[in-house]
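Visitor: sequence plus the predicted model coming up.
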Amino acid sequence: MCVENTPPPASRLTRRGILAGAAALAGTTAALSAAAPQAAAAGQRRTRTGSGSGSATTGDLVIEGGTLLDPATGEVTEDAVVVIADGIVRAAGRRGRTRVPEGAEVLDAHGRWILPGLVEAHIHLNTAAEAHDAVRQGATSARSGSTNFYQDIAVRELARQAPRLAPRLRAAGIFVTPDLGDTVLADPDLTPLARLRDGVRSPETLRRVVEVNLARGADVIKTRVNERAGLPEQDPLAQVYDREQLSEVVAAAKRGGKGVLCHSYSEKGCHDAVTAGIRSLEHGAFVGEHTLREMRRRGTYFTPTLTAIAGLVESSDPVLAERGRTYLPALKRAVLAAHELGVPLAAGTDSSGGKVKPIGREVELMREAGLSALDAIRTATTGAARLLGLQGRAGRLARGFAGDAVLLDGDPLADVSVLKKPVRVVRSGIAL
């Protein structure tokens, strides 16, 4: 499903979403200013009006002369042409076999490699500036890892109205966690939970947070089984929810037709989360073979967020730095074991706090963990697209897919690090 064409999910978005929208769009002025030169390019834009959802700007563009990689098949096409109309790929193949519309806007890709726009499976986008930064770094589709005040739902709507400013987004809403903190202010229906002495732990309160998320239009639900790794005062191996509590979250999400992503680290926590029925395991540094086999059996995805764990190594806090040095090798071993067992992998940086990290860095770390270059690329294209339910829209440059692309300065099959700095990014047929 192409999110640009999907109407806004609920009237509550207009009634209650004003504050969240204002927060998420706080950086819009800067983002619009940065995009102004592209917006002025004549002949490249087309305004498409959807029923009840305003208008979205998409582009007509031909990318020609580069080397095209199809991550699904591994096929490499030299001197390729990609034809995009109304933001959708109409044709892709070798020059001479692919008709180029007369008078079309052309993006010269000679000497470059052409890949589909990358898919970021775990990111926290709180402002329009962050969303635009993610796109500029090649993440044209993404899944939120939650926000504090439903900013991701506003960012999702921004992407529908102005695709060049944000990735098409699967929004997670707020985190289902024992201590909501200031997030109880995200929606008036959450404020009664502030009276709870023990936090969000009972079946009723767990269901309540999920239900508020669903009412606000969340596409997925985010919860946790362990404490955080990025806070030195917390123990990432300490479990905060048991299997029964996680099952309540999963069941409530399932009633709304949604899946669950779960923050996790310990083997027991990972196993409890997987057997509770989550859709994807996030982080999972110490997930063991027993749980990985269960994940393969169930089709549970693994989003290891290697970038976030690698970032701990560089921390000035000695506790976090040591944690990173311990967790990163274990996580790399888990990624390789998962891949060899056939567990589906998805790339996600877990970027947050105003610093958007390139999704290409996660691909680079997947390669360092032992995946082939092509398989590492798949974690940020076809693999992540399947997790997000975008397998017919994102992850490839083929007829009917979104007109999202990255142009690279070198051969990513020889050196995946080129994905960290795309030369150009195309979003819905618009070259940034």
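Guide: Received it, and whenever you're ready, just let me know what you need.

Visitor: C-alpha only now, for contacts and for neighbours.
Guide: OK.

Visitor: need the CA coordinates for stretch 149-167. PDB is fine.
Guide: What follows is stretch 149-167, C-alpha atoms only, in PDB (Å, rounded to 0.1, in the frame of the first residue of the first chain):
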ATOM      1  CA  PHE A 149       3.600  12.900  21.500                       C
ATOM      2  CA  TYR A 150       2.500  11.300  18.200                       C
ATOM      3  CA  GLN A 151       4.900  13.400  16.100                       C
ATOM      4  CA  ASP A 152       5.400  10.400  13.900                       C
ATOM      5  CA  ILE A 153       1.700  10.400  12.900                       C
ATOM      6  CA  ALA A 154       2.100  14.100  11.800                       C
ATOM      7  CA  VAL A 155       5.300  13.200  10.000                       C
ATOM      8  CA  ARG A 156       3.400  10.400   8.100                       C
ATOM      9  CA  GLU A 157       0.900  13.000   7.000                       C
ATOM     10  CA  LEU A 158       3.600  15.400   6.000                       C
ATOM     11  CA  ALA A 159       5.000  12.600   3.800                       C
ATOM     12  CA  ARG A 160       1.700  12.200   2.100                       C
ATOM     13  CA  GLN A 161       1.400  15.900   1.300                       C
ATOM     14  CA  ALA A 162       5.000  16.600   0.400                       C
ATOM     15  CA  PRO A 163       6.900  13.400  -0.200                       C
ATOM     16  CA  ARG A 164      10.200  15.100  -0.800                       C
ATOM     17  CA  LEU A 165      10.200  16.300   2.900                       C
ATOM     18  CA  ALA A 166       9.700  12.900   4.600                       C
ATOM     19  CA  PRO A 167       9.900   9.200   4.100                       C
END
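
Visitor: figure out how far that stretch is from the centre of its chain.
Guide: 13 Å (CA atoms, centre = their mean, to the nearest Å).

Visitor: then stretch 152-171?
Guide: Centroid displacement of stretch 152-171 relative to its chain, using CA atoms, centre = their mean, is 12 Å.

Visitor: also stretch 319-337?
Guide: 22 Å.

Visitor: please apply the same query to stretch 135-153.
Guide: Worked out by CA atoms, centre = their mean, stretch 135-153 lies 6 Å from the chain centre.

Visitor: wait, is residue 141 part of a strand?
Guide: Yes - residue state for residue 141 (DSSP: H, G, I helix; E, B strand; the rest coil) corresponds to a strand.

Visitor: can you give me the distance of it to residue 388?
Guide: Distance, residue 141 to residue 388, by CA to CA, to the nearest Å: 9 Å.

Visitor: which one's more surrounded, those two?
Guide: More crowded of residue 141 and residue 388, by other CA atoms under 10 Å: residue 141, with 31 against 23.

Visitor: surely residue 145 is in contact with residue 151?
Guide: No - using CA atoms under 8 Å as the test, residue 145 is too far from residue 151 to be in contact (11.4 Å).

Visitor: below-threshold pLDDT in the chain: ranges please.
Guide: Filtered on pLDDT under 70, the chain yields the residue ranges 1-56.

Visitor: can you tell me, leaving aside adjacent residues, what's nearest to residue 370?
Guide: Spatial nearest neighbour of residue 370, excluding adjacent residues (CA to CA, 6 or more residues apart in numbering): residue 336 at 5.9 Å.

Visitor: and the one you found, what is it in contact with?
Guide: With contact taken as CA atoms under 8 Å, 6 or more residues apart in numbering, residue 336 is in contact with 369-371.

Visitor: out of those residues, which sit inside helices?
Guide: Among the contacts of residue 336, no residue falls in helices (DSSP state H).

Visitor: most neighbours among the residues you listed, which one?
Guide: Most surrounded of these: other CA under 10 Å gives residue 369, at 21 neighbours.

Visitor: how near is that one to residue 171?
Guide: 29 Å.

Visitor: can you show me the CA trace of the helix or strand harbouring residue 273 as CSV?
Guide: Assessed by DSSP states H and E, residue 273 sits inside helix 267-276. Presented in CSV, the C-alpha positions along helix 267-276 are these (Å, rounded to 0.1, in the frame of the first residue of the first chain):
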residue,chain,number,x,y,z
GLU,A,267,17.7,-14.2,25.8
LYS,A,268,14.8,-14.8,28.1
GLY,A,269,13.2,-11.5,27.3
CYS,A,270,13.7,-12.2,23.6
HIS,A,271,12.1,-15.6,23.9
ASP,A,272,9.2,-14.3,25.9
ALA,A,273,8.6,-11.6,23.3
VAL,A,274,8.8,-13.9,20.3
THR,A,275,6.5,-16.6,21.9
ALA,A,276,4.0,-13.8,22.8
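
Visitor: count the residues that sit near residue 75.
Guide: Using other CA under 10 Å, residue 75 has 10 neighbouring residues.

Visitor: return the backbone torsion pair for it.
Guide: Here is the backbone geometry of residue 75 (degrees, to the nearest 10): phi -70, psi 140.

Visitor: list the contacts of it.
Guide: residue 69.

Visitor: any idea how far it lies from residue 391?
Guide: For residue 75, the distance to residue 391 (CA to CA) stands at 18 Å.

Visitor: do residue 180 as well
Guide: Counting by CA to CA, the gap from residue 180 to residue 391 is 33 Å.

Visitor: cool, and residue 174?
Guide: Distance from residue 174 to residue 391, by CA to CA: 25 Å.

Visitor: what kind of secondary structure is the residue nearest to residue 370 in?
Guide: The three-state label given to residue 336 by three-state DSSP is helix.

Visitor: ok, how many other residues are close to residue 355?
Guide: By the criterion of other CA under 10 Å, residue 355 has 12 neighbours.

Visitor: for it, which non-adjacent residue is closest in space?
Guide: residue 130 (7.6 Å).

Visitor: gap between the one helix or strand that neighbour maps to and the chain center?
Guide: Assigned by DSSP H and E, residue 130 belongs to helix 128-136. Relative to its chain's centre, helix 128-136 lies at 12 Å (CA atoms, centre = their mean).

Visitor: quick revisit: export the contacts of residue 336 to TSV and tack on distance to residue 102?
Guide: Formatted as TSV, the contacts of residue 336 follow (distance: CA to CA, whole Å):
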residue	distance to residue 102
369	46
370	45
371	42
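
Visitor: those residues in strands, which ones?
Guide: Using DSSP state E, the subset of the contacts of residue 336 located in strands is empty.
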